[in-house]
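Q: Coordinates for the following, if possible.
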Amino acid sequence: MTSTYDRVLDAIGTAVVSGEFARGSRRSTDELVAWTGASRSIVREAVRVLVSLGLLHAGRRVGITVLGAVEWDVLDPRVVRWRLQGPDRERASAELRELRAAVEPLAAAAAARRASLDECAAGREALLATADELAAAAIQDRRLDFTSADVRFHARVLDLSGNVLYRRLHRVVGEALRERGSIRPDRHDVGLHLALARAVAAGDADGAADTMRDIVHRTEHGPRTDLG
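A: Predicted coordinates for the structure are as follows:
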């Protein structure tokens, strides 16, 4: 169940990102209380978070000012989600694909190079198991389960890379994957994920990078269709 705080945060964040609250416009706390129907304490907490995300600026004399996109923390998963739900969706999707294409193949290669380390044994087995879960969900057309497994699969690859910066992107990648969650996966998508898990487990860095590159490429050029 969505809390009142989450509802208010999403409402104001969406209004800023969508342009409903125009850049440079100002709001008072009282106006936002009336607009959201929430308490002052909840509105203030939501504004505090949105200030930290660069969407708003709060000043004692100037009130609450809406900031432009150049100020937003565009790698925060909440901002990613609001952009994907707004009029800037196509641009946001394209930028996410570019980010994934730049990072995920390198992360997959790094994960493969580290796969033989004892410290990675549990993660390697978890990646293989998640790939099997993903495949089973796809065959049965359980799309929510497929998306959940897909998000965990990509997070595990980023984690196995050993790069703390790559790891921090797992929530951003997760939002990009959830945005496609209503699309039915096809057999080739499933096969690529299975192949990637095996390449990582086998220590095949080049194969892992190439396969991840294919996976990301298909999110733009080969949309999921039908299992047939």
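
Q: Can you give me the end-to-end span of stretch 26-43?
A: 15 Å (C-alpha to C-alpha, to the nearest Å).

Q: do stretch 25-45 as well
A: End-to-end distance (C-alpha to C-alpha), stretch 25-45: 20 Å.

Q: Tell me the gap between the host helix or strand of residue 208 and the middle of its chain.
A: According to DSSP states H and E, residue 208 maps onto helix 205-221. Distance of helix 205-221 from the chain centroid (C-alpha atoms, centre = their mean, to the nearest Å) equals 18 Å.

Q: same deal with stretch 107-125?
A: 22 Å.

Q: Residues contacting it, please?
A: Contacting residues not belonging to stretch 107-125 are listed as 127, 156-163, 166, 196, 199-209, 211-212 [C-beta atoms under 8 Å, 6 or more residues apart in numbering]. All C-beta atoms are positioned from the backbone trio N, CA, C, and that covers glycine.

Q: show me what contacts the residue lying closest to residue 207 once chain neighbours are set aside?
A: Leaving out its chain neighbours, the residue that sits closest to residue 207 by C-beta to C-beta, 6 or more residues apart in numbering is residue 199, at 3.9 Å. Applying C-beta under 8 Å, 6+ apart to residue 199 gives the contacts 108, 112, 207-208, 211.

Q: ok so, going back, in the helix holding residue 208, what's buried?
A: 205, 207-216, 219 (16 or more other C-beta atoms under 10 Å).

Q: what's the helix or strand for residue 57?
A: Going by DSSP H and E, residue 57 is in strand 56-59.

Q: Tell me which other helices or strands that strand touches.
A: Contacts defined by 3 or more C-beta pairs under 8 Å, 6 or more residues apart in numbering; DSSP states H and E place strand 56-59 against helix 40-52, strand 63-66.

Q: Return the most buried member of the ones you listed.
A: With neighbours taken as mean count of other C-beta atoms under 10 Å, these reach their highest mean count in strand 63-66, at a mean of 19.

Q: Partner strands of that strand, with direction?
A: Applying DSSP bridges, strand 63-66 is found paired with strand 26-27 (antiparallel), strand 56-59 (antiparallel).

Q: Same list (these) but as JSON lines, adding mean pLDDT and mean neighbour count.
A: Formatted as JSON lines, those follow (pLDDT from 0 to 100; neighbours: other C-beta atoms under 10 Å):
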{"stretch": "strand 26-27", "mean pLDDT": "96", "mean neighbour count": "17"}
{"stretch": "strand 56-59", "mean pLDDT": "94", "mean neighbour count": "16"}
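
Q: Any chance of TSV for those, columns distance to residue 70?
A: Output for the strands paired with strand 63-66, formatted as TSV (distance: least, C-beta to C-beta, whole Å):
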stretch	distance to residue 70
strand 26-27	18
strand 56-59	13
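
Q: For the protein, which helix extends over the most residues?
A: helix 89-114 (DSSP state H).

Q: between it and helix 205-221, how big is the angle?
A: If you take axes from the mean of the first three to the mean of the last three C-alpha atoms, to 10 degrees, helix 89-114 sits at 170 degrees to helix 205-221.

Q: after helix 89-114 comes which helix or strand?
A: helix 121-139.

Q: quick one: that next one to chain centroid distance?
A: 20 Å.

Q: That one: which residues count as buried?
A: Buried, per 16+ other C-beta under 10 Å, within helix 121-139: 123-124, 126-128, 130-131, 133-135, 137-138.
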